[in-house]
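Peer 1: sequence and predicted model, in that order:
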Amino acid sequence: MDTLDRQSLARLDELFGKATNTAIVTHVHPDGDALGSSFGLQHYLNSRGVASTVFVSDEVPETLRFVLEGAAEGQPIVAAEGLERAESLLASADLLVCLDFNNFSRADLLSSSLKSLSCPKVLIDHHLRPDRESFDLCFSDTQVSSASELLYHVLMEMPDVSGDASALPPHCARCLMTGMTTDTNNFANSTYPSTLEMASKLIAAGVDRDSILYGIYNNYREERYRLLGHLLSDVLTITPDGVAYMVLGEEDKRKFDVREGDTEAFVNMPLGIRGVRMSIFAKQQDESVYRISVRSEKGVSANVCAGNYFHGGGHENAAGGRLEIPADVTDPQSVATYIETVTRKFFNE
Ligand SMILES: [Mn+2]
């Protein structure tokens, strides 16, 4: 990771010192890193006596609810469950901190209110191309595992922590470890020396990594594994270019009673197959859109592919996007055709 800028750290400490009501916002379809960094920051701010509220656009997957352990009742505020209330709460903030996304549009339902806020705006993120213009203060580094890791390094520089991980509130430390663990898929990718240093310091400070791993990996619904079996056995297709893809439409979603979070990390699995260079997972979100996840091996850019063909982007080897219905695709078969066509272009032109 890059060295953190002294001046920015001092400015952040000053903003935390002045704030009375901080809004913490993360990206739509929150994952472990989004929630881990958001609630990690909330627990830290609590310890400084700064009130804060966490906002997300849509629901927290059941599989990640364990990250909310120790958080106040009613957190996070979910915009999809009451946009007006969320917007009015957001409007009363005197400090905004955005975590784990690079552009207000990623906050989905909340994006226009975020733009109109007049309070100081801080970004702490690890995605490519942050929209620096929209923020007063940016901590952006792509050479870290996760937003949770970057936040950890930032908090370690705050005067009340001053390099001592055991000075972080225990719930904060646990949340940061959780976010880093899910974004690295338990140290399988995006693991830097700074990541291992963080893990080492947090374990020494008493974080119970075993119980975090249990919460993340041993607590899924049976339906997830039934669906995974079906997808790998009957749906997975591998193209001559080494693109493995799976399309999950409404019909199978109903049949396997798929809920938010059930398909987490499915996209990573086909990369384990020899000769596969890129894996794409397409999941129908509703009548109007398919959500797309793209993963690639080193030397192949998931980010460019997602940007060129799926209205998205993210990291070099892990990115996301969408396909609109009916502008881009209609049914699962046409999603398959679309993926085959654009990846043939991507690898051969
Ligand atoms: Mn992340």
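Peer 2: Great, that's in hand.
Peer 1: in the chain, which residue sits closest to the ion?
Peer 2: Residue of the chain nearest the ion, by CB to the ion: Asp33 (3.4 Å). Yep, even glycine has a C-beta here, placed from its N, CA and C like the rest.
Peer 1: where's Ala244, which helix or strand?
Peer 2: Using DSSP states H and E, Ala244 falls within strand 243-248.
Peer 1: and for Ile339?
Peer 2: With DSSP H and E as criterion, Ile339 is part of helix 332-348.
Peer 1: may I have the phi/psi pair for Leu150?
Peer 2: phi -60, psi -40 (degrees, to the nearest 10).
Peer 1: got a list of what the residue nearest to it when sequence neighbours are not counted touches?
Peer 2: Among residues not flanking Leu150 along the chain, Val144 sits closest, at 4.9 Å (CB to CB, 6 or more residues apart in numbering). Val144 sits next to 1, 126, 150, 153, 190, 192, 194-195 when contact means CB atoms under 8 Å, 6 or more residues apart in numbering.
Peer 1: wait, which of the residues you listed is closest to Glu316?
Peer 2: Of all the contacts of Val144, the one with the least separation from Glu316 (CB to CB) is Ser190, at 9.5 Å.
Peer 1: the closest one: neighbour count?
Peer 2: 21 (other CB atoms under 10 Å).
Peer 1: show me what contacts it?
Peer 2: By CB under 8 Å, 6+ apart, the contact list for Ser190 reads 144-146, 183-184, 315, 318.
Peer 1: make sure it is indeed in a strand.
Peer 2: No. Counting by DSSP: H, G, I helix; E, B strand; the rest coil, Ser190 is not found in a strand; it is coil.
Peer 1: rewinding a little: so for the helix holding Ile339, mean pLDDT?
Peer 2: In this model, helix 332-348 has a mean pLDDT of 98.
Peer 1: let the chain start at 271 from now.
Peer 2: In the new count, where the first residue is 271, that last one comes out as helix 602-618.
Peer 1: contact partners of it?
Peer 2: Helix 602-618 is touched from outside by 507, 509, 511-513, 515, 517-519, 521, 547-548, 550, 552, 554, 560, 574-575, 578-579, 593, 598-599, with contacts defined as CB under 8 Å, 6+ apart.
Peer 1: could you pull out the strands for the stretch 321-470 of the chain?
Peer 2: 321-326, 347-348, 365-369, 391-395, 407-410 (DSSP state E, counting those that start in this stretch).
Peer 1: tell me what angle the third one forms with strand 321-326.
Peer 2: Calculated by axes from the mean of the first three to the mean of the last three CA atoms, to 10 degrees, strand 365-369 forms an angle of 40 degrees with strand 321-326.
Peer 1: Glu521: which element?
Peer 2: Short version, using DSSP H and E: Glu521 is in helix 520-525.
Peer 1: could you give the mean pLDDT of that helix?
Peer 2: 97.
Peer 1: also stretch 385-400?
Peer 2: 96.
Peer 1: which parts of it are buried?
Peer 2: 387, 389-397, 400 (16 or more other CB atoms under 10 Å).
Peer 1: please apply the same query to stretch 349-362.
Peer 2: Result for stretch 349-362 [16+ other CB under 10 Å]: buried residues 349, 356-357, 359-360.
Peer 1: now the two most distant members of the residues you listed.
Peer 2: Pairwise over these, using CB to CB, the maximum falls at Ala349 and Leu359, 9.9 Å.
Peer 1: among the contacts of Val414, which pair sits farthest apart?
Peer 2: His423 and Ser460 (14.7 Å).
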